[in-house]
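*Asks:* structure for this input, please:
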Amino acid sequence: MTLRPAIAGLGSVALVALAVWYSQRPAADASGKIDLATLAIPDLTEDQTTGKMLFDGNCAACHGENAAGSDQGPPLVHRIYEPGHHGDMAFALAAAQGVRAHHWRFGNMPAIEGVSKEDVVQITAYVRALQRANGIN
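*Replies:* Modelled structure (predicted):
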């Protein structure tokens with residue numbers, strides 16, 4: 001008995017599963033902006049609702065409505081920002097210190113004035129809720 005056919009079969013199943021999983025994620029255009037019609041919006045907890053209000057007031061001008069991206073900044077509902085690649089601390093540091101452009105061509109992100117650490121925790125909770133609703137864990 002040889003394992004090669006079984007391994008090849010498992011590889012095929014894994015590729016199909018990956019394709020299905022990836023196709024269910026929000027579709028982004030060439031600039032990275034997500035079509036809001038494809039974005040799943042979850043029911044939000046009280047903290048996440050506060051985070052949404054803070055996001056709308058401090059982040060949406062660049063990161064777009066519901067973190068879907070804009071002509072000024074990338075979507076945060078994107079696999080690049082999944083917790084395993086950009087943890088919650090990355091959001092806190094980005095708000096406090098700004099970020100040098102490294103994934104996108106929008107330029108550097110400046111530090112966000114007037115946003116407290118507690119605000120960033122709630123904003124991050126909102127973004128993570130959006131990400132989970134869209135298959136980004």
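*Asks:* for Thr124, which non-adjacent residue is spatially closest?
*Replies:* With CB to CB, 6 or more residues apart in numbering as the criterion, Thr124 has its nearest non-adjacent residue at 4.6 Å, and that residue is Phe91. C-beta coordinates here come from the backbone N, C-alpha and C atoms, glycine included.
*Asks:* my read: that neighbour touches Lys117, true?
*Replies:* No - taking contacts as CB atoms under 8 Å, Phe91 lies outside contact range of Lys117: 10.7 Å.
*Asks:* of the two, who's got more company?
*Replies:* Between Phe91 and Lys117, counting by other CB atoms under 10 Å, Phe91 is the more crowded of the two (20 against 9).
*Asks:* distance of that one from Arg128?
*Replies:* Remark: distance between Phe91 and Arg128 (CB to CB, to the nearest Å) = 9 Å.
*Asks:* check Leu39 too.
*Replies:* Taking CB to CB, one finds Leu39 at 15 Å from Arg128.
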